[in-house]
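Student: Build me a model:
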Amino acid sequence: MQISQEQIQELEDLLDDAWGAIGPSMAKNNPAFLLKAINSEQKASGYDDFYDLNERGQRLQDLYEAIYRQNEELMGR
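Tutor: Next up is the predicted model:
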């Protein structure tokens, strides 16, 4: 599984400080952690009062889907 440097930068901007110090090594060593970070953050603060995705939640969702899709393509699925 791979994630681009641009995606790492976007995650560092979007995620709380606890997740923010991801760094490029995490993308190579434990990319599943990144998807967990996105999912956790989205559950914590990605929804508005009506439980629709807010802007931050939608950006997290879009990023999650892009990472998932590009890695499926890498694996030839």
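Student: longest single helix anywhere in this structure?
Tutor: The longest helix of the chain (DSSP state H) is helix 55-74.
Student: Name the nearest residue to Leu60, ignoring sequence neighbours.
Tutor: Closest residue to Leu60 apart from its sequence neighbours, by CB to CB, 6 or more residues apart in numbering: Gln42 at 4.5 Å. Yep, even glycine has a C-beta here, placed from its N, CA and C like the rest.
Student: Would you check that the one you found makes contact with Gly57?
Tutor: Yes: shown here, Gln42 and Gly57 form a contact pair, counting by CB atoms under 8 Å, at 5.2 Å.
Student: and Asp49, how many neighbours?
Tutor: Other residues lying near Asp49 total 6 when counted by other CB atoms under 10 Å.
Student: Can you tell me the element it falls in?
Tutor: Using DSSP states H and E, Asp49 sits in no helix or strand.
Student: coming back round to it: what are the contacting residues of the longest helix of the chain?
Tutor: 1-4, 7, 10-11, 14, 31, 34-35, 38-39, 41-42, 45-47, 53 (CB atoms under 8 Å, 6 or more residues apart in numbering).
Student: List only buried entries from those.
Tutor: When the contacts of helix 55-74 are checked for burial by 16 or more other CB atoms under 10 Å, the buried set is Met1, Ile3, Gln7, Glu10, Leu11, Leu14, Leu34, Leu35, Ile38, Glu41, Gln42, Gly46.
Student: distance of Arg59 from Gln2?
Tutor: Using CB to CB, to the nearest Å, Arg59 is found at 20 Å from Gln2.
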